[in-house]
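*Asks:* Turn this into a model:
(one chain, ligands or ions: 1)
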Amino acid sequence: MVFESLADKLQQTFKKLRGRGKLSESDVAEALKEVRMALLEADVNFKVVKDLIAKIKERAVGQEVLESLTPAQHVIKIVNEELTQLMGGTQSRIAIASRPPTVIMLVGLQGAGKTTTAGKLAHLLKRQGKRPLMVAADIYRPAAIKQLEVLGEKLEIPVFTLGQENPVYIAQKAVDQALMMARDIVIIDTAGRLHINEELMNELKSIKQTVKPHEILLVVDAMTGQDAVNVAETFNNDLGIDGIILTKLDGDARGGAALSIKAVTGQPIKFAGMGEKLDALEPFHPDRMASRILGMGDVLSLIEKAESAINLEKAQEMQKKLRKEEFTLDDFLEQIEQVRKLGPLDQILGMLPGMGKLKQLQGLDFDDKEVKHIIAIIRSMTAKERRDPSIINGSRRKRIAIGSGTRVQDVNRLLKQFGEAKKMMKRIQEMQKSGKKSGFKL
Ligand code: GDP
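*Replies:* Presented below is the predicted three-dimensional model:
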């Protein structure tokens, strides 16, 4: 996950600060020196770091902070607020035209993830009730048209193509077509190049002049760090853009691009690409990103993710079963699968406050492989066994292990875990019933 190393360093710095009790001006200065180093190591633009630290310092060495009862918390709060401001303050949405269709033009260099992002964005908007049309105007990269068509088929979203025709003409015709088909969003996948050149810019400018897009979004690859920032600056100066989509934030990019791009170009990040899958595009929230970096978690994004991935009716049904103590291994399996829809476990944990670190603890292996084992084991059981695990004797255990490609110990462990989970649920239920706050803590 992006920012991991930056997050680690900042959290260490603040941990030291918290241990201090009262803070002196030099304690704060020392901590800010470490923050500065951590940001520079994360490849944040030098000038951006300098300005940021100056702002934090100005606010953090005031009497109010130093004399407060929780000075370290105060300092962290200030850093959090300034990081949020740095990334644009509040979420920047795309402008939806009052008279449809809204035309969105995606631009960027080859390999940044433009075509994939066209599909992801169309998918996201479709889920919000829009009717997108994707347009294949990248006529130079071999296979770009086909790639978009395949995405369209998968997502059941129409794709407009005219083969190798002039891209300006394609874009213009696509908007006409959208009007005819009553599609309210047009997403144009334009051509990229390996490097910025005049030919590319001229082509993009012609498309811009002809179709007058409501949004020109630049797709840049977070892994390229300050190069991404430079690319954004050039596109903004030469073509004019309305926002940025930063891709590959799921990788191990150091985070410099995400933290510098708004400050350098003046243009906000509107979406973040978090993986290769088609649902891995998230609206970019500066405040949540800052909290994630500071280890305060991103509970809001997690809730939103859960809401879109988890079937509410199913969840309520599950609760009922729990209450009646009818929870079986089938239900257990279903729950695991629902949680898995949220994404890889380590990513989910990274969004929870204080949990970012947990997965590094020894002995705690939140490996997806283990979850796959659990699923395979439960699937190898008969319906009767899943309903009543108490009948699973030695020979059944052996059969299940062979059937799931695991070992008998693995089957034993799962049964034990399930038994314990049930016991714990029962205790929670009893606590809720009696309304007493016993010593048992969740
Ligand atoms: P284009 O040349 O800009 O159209 O780039 P593509 O859309 O073909 O993407 C290039 C590569 O980047 C593909 O392998 C994509 O799967 C991958 N990619 C795009 N976005 C993301 C992302 O957010 N995360 C990851 N991990 N990979 C991505």
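*Asks:* In the stretch 101-250 of the chain, which residue sits nearest the ligand?
*Replies:* residue 113 (2.9 Å; C-beta to the nearest ligand atom). Where you see a C-beta, it was placed from the backbone N, CA and C, and this is true even at glycine.
*Asks:* Next one: that residue relative to residue 208, how far apart?
*Replies:* 21 Å (C-beta to C-beta, to the nearest Å).
*Asks:* neighbour-wise, which of those two wins?
*Replies:* residue 113 (24 against 18; other C-beta atoms under 10 Å).
*Asks:* Could you list the buried residues of the longest helix anywhere in the chain?
*Replies:* The longest helix of the chain (DSSP state H) is helix 408-434. By neighbour count on 16 or more other C-beta atoms under 10 Å, the buried set for helix 408-434 is 410-411, 413-415, 418, 422.
*Asks:* How about stretch 79-94?
*Replies:* Result for stretch 79-94 [16+ other C-beta under 10 Å]: buried residues 79-88, 92, 94.
*Asks:* repeat for stretch 398-408
*Replies:* 399-401, 404, 406.
*Asks:* In three-state terms, label the residue lying farthest from the centre of the chain for me.
*Replies:* Most distant residue from the mean C-alpha position of the chain: residue 395, 44.7 Å away (C-alpha atoms, centre = their mean). Recorded secondary structure, residue 395: helix (DSSP: H, G, I helix; E, B strand; the rest coil).
*Asks:* where's it relative to residue 181, distance?
*Replies:* 62 Å.
*Asks:* next one: the longest helix of the chain to chain centre, how far?
*Replies:* Taking C-alpha atoms, centre = their mean, to the nearest Å, one finds the center of helix 408-434 at 32 Å from the center of the full chain.
*Asks:* helices or strands next to that helix in the packing?
*Replies:* The contact analysis (3 or more C-beta pairs under 8 Å, 6 or more residues apart in numbering; DSSP states H and E) places helix 408-434 against helix 312-323, helix 329-340, helix 368-379, helix 394-404.
*Asks:* could you redo those helices as CSV and give each row mean pLDDT and distance to residue 187?
*Replies:* Output for those, formatted as CSV (pLDDT from 0 to 100; distance: least, C-beta to C-beta, whole Å):
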stretch, mean pLDDT, distance to residue 187
helix 312-323, 70, 30
helix 329-340, 78, 29
helix 368-379, 84, 32
helix 394-404, 94, 43
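*Asks:* count of residues packed around whichever residue of the stretch 251-400 of the chain sits closest to the ligand?
*Replies:* Nearest residue of the stretch 251-400 of the chain to the ligand, counting by C-beta to the nearest ligand atom: residue 273, 2.5 Å away. Residue 273: 25 surrounding residues under other C-beta under 10 Å.
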